[in-house]
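> structure, please.
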Amino acid sequence: MFKTGILLLLIFTNGIKSSCKCYQNFPTTGKIVEVSNAFDANTFESCYKSPCAFVANSGDNNVGWNSVSISWVNIYDPTGNITIYDGVDEKSPVIATVQSPSKSSSTTTSFQSSTETIYIKYTQTIITAGNSYYGTIQAGGSLPTIKQN
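All right, here's what the predicted structure looks like:
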């Protein structure tokens, strides 16, 4: 009975830690895409277990991405980064990085993608507490034209 109780306690406490879910972890389409911190599915508190990443497509072959606006609410780890890649994965060129500040604030970063698809990834060093943030990534404007010789 005692062993069963200990086993259930371990499963329960590990389950809480492992319920950290990325807000977005699947490809999404649209000209405005929401981004937010990972959260504990049981308590809805911010958490961080591993990097969260997803692909965003503007839905228009002629429209690229051009800005990210983030509100940083609770900062537990100032090494947190939102990195935006110009393509479908982290092997693509980095076109923007938004680093978490040391205190709550909001920021907007402008950039220009060369395709309608970008890859967004959030990472931080400390895994015991996740930073709280939310915001949007916006598409707009024409993609750069490539001159043919």
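
> could you use CA atoms for every contact and neighbour count after this?
OK.

> ok, the spatially most central residue of the chain to residue 145 distance?
With distances taken as Cα atoms, centre = their mean, residue 122 lies nearest the centre of the chain, 4.2 Å away. To residue 145, residue 122 is 30 Å away according to Cα to Cα, to the nearest Å.

> returning to what we had before: how about the residue nearest to the centre of the chain: what's its closest non-neighbour residue?
Closest residue to residue 122 apart from its sequence neighbours, by Cα to Cα, 6 or more residues apart in numbering: residue 82 at 4.5 Å.

> give the contact list for that neighbour.
Residues near residue 82 by Cα atoms under 8 Å, 6 or more residues apart in numbering: 97, 98, 99, 120, 121, 122, 123.

> now do it against residue 40, distance only.
Distance from residue 82 to residue 40, by Cα to Cα: 19 Å.

> please apply the same query to residue 144.
40 Å.

> and the two? Which one has more around it.
residue 40 (18 against 13; other Cα atoms under 10 Å).

> ok, back up a step: confirm the residue nearest to residue 122 sits in a helix?
No - applying DSSP: H, G, I helix; E, B strand; the rest coil, one finds residue 82 to be strand, outside a helix.
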